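> no sequence for this one, just the structure:
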Ligand SMILES: Nc1nc2c(ncn2[C@@H]2O[C@H](COP(=O)(O)OP(=O)(O)OP(=O)(O)O)[C@@H](O)[C@H]2O)c(=O)[nH]1
Ligand SMILES: [Mg+2]
């Protein structure tokens, strides 16, 4: 499957280390040394300490019969079930795309617009990153390419005001999903969080007919830092899931595990490049197979 192939490709760098480490345990038999090497590798792929310990337990327990299938089953079992693409909303959706600057909010907003448009949804983009003129320009270019409507207000310095305009338009044009690109950097972190909170309050108080969804963009290559970012955002605003971006360029693709185990944030999409098609719905089986090299596309 082409779909499988892309996820598999995106995990190439992580797999090169992870699958190699398992291979070498297989070849050399399970020993304290080989397990320690495996442990180091899995930790360096940012799988998280608890998960790594549990995996080592599975390896030890199943060393005679061959452990790779058991490891695969275990890793799949600790990730959230695959969702079927939630598209049959009775309410219109406002999808907030939040995250630290440079993690891929604007690009992901465009990719998500493309994704929902291809599912036949009426999509509106809202450029609520009012702090960088270039950010609005960037989203406008995507909107044009996508042939999707966009709401922006170059004169307003108020993200909440742009959001208000956006949702007013979404209502009158009966949009199914309104994707809001937000700012990733303000003068201070506290300001950023306060601004985001204000935006959520605007939706809740003025547009209760919309269902709020929030995705945080996390740069996979930032490893543990992404966890810290996710924790900070989740402490302030609603975070329903993550878009894990830049999976194509990193060997740290293991962050999916601690993100769910420690913060209960499921990865919903994976970004594997800079173009519109480079976004995939997360699938736990494909992901784990891509990590271990157990899938059929190797
Ligand atoms: N390789 C790769 N590059 C990506 C991916 N997602 C985004 N990028 C690139 O990362 C850079 C930053 O992406 P943006 O979408 O502008 O990030 P942002 O979060 O909107 O950044 P700010 O607006 O500054 O807060 C751009 O050069 C994107 O092309 C991805 O999945 N893979
Ligand atoms: Mg941006």
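Sure, I can see it. Just so we're clear, the structure is a prediction, and the values are computed from it rather than from any experiment. Numbers count the residues shown, from 1 in each chain. Ligands and ions are numbered 1, 2, ... in the order given.
> And residue 215, how close does it get to ligand 1?
The spacing between residue 215 and ligand 1, counted by Cβ to the nearest ligand atom, to the nearest Å, is 12 Å. Every residue, glycine included, has its C-beta placed from N, CA and C.
> Report pLDDT for that residue.
With respect to pLDDT, residue 215 has a value of 97.
> which element is it on?
strand 211-219 (DSSP states H and E).
> strands paired with that strand, and their directions?
With DSSP bridges as the test, strand 211-219 is paired with strand 93-98 (parallel), strand 241-245 (parallel).
> buried residues in that strand?
Buried residues in strand 211-219, counted by 16 or more other Cβ atoms under 10 Å: 212, 213, 214, 215, 216, 217, 218, 219.
> Kindly report the same for stretch 68-79.
Neighbour counts over stretch 68-79 (16+ other Cβ under 10 Å) mark 68, 70, 71, 72, 74, 75, 76, 78, 79 as buried.
> What separation do you get for residue 194 and residue 160?
Using Cβ to Cβ, to the nearest Å, residue 194 is found at 11 Å from residue 160.
> Hmm, I typed the wrong one, I wanted residue 16.
45 Å.
> got it, and residue 255?
Computed as Cβ to Cβ, the residue 255 to residue 160 distance reads 31 Å.
> Who has more neighbours out of the two?
The neighbour comparison of residue 255 against residue 160 (other Cβ atoms under 10 Å) goes to residue 255, with 29 against 20.
> Phi, psi for that one please.
For residue 255, the backbone dihedrals are phi -60, psi -20 (criterion: degrees, to the nearest 10).
> Check the gap between it and residue 21 for me.
Taking Cβ to Cβ as the measure, residue 255 falls 17 Å from residue 21.
> For the spatially most central residue of the chain, give its distance to ligand 1.
Closest to where the C-alpha atoms of the chain average out (Cα atoms, centre = their mean) is residue 243, at 1.5 Å. Going from residue 243 to ligand 1 by Cβ to the nearest ligand atom gives 8 Å.
> Please, where are all the strands along the chain?
Counting by DSSP state E, the chain has strands at residues 93-98, 123-127, 149-151, 177-181, 211-219, 241-245, 267-271, 279-281.
> helices or strands up against the third one?
It stands for strand 149-151. Under the contact definition 3 or more Cβ pairs under 8 Å, 6 or more residues apart in numbering; DSSP states H and E, strand 149-151 sits against strand 123-127, helix 133-146, helix 159-172.
> Each with direction, which strands does that strand pair with?
In its sheet, and by DSSP bridges, strand 149-151 pairs with strand 123-127 (parallel).
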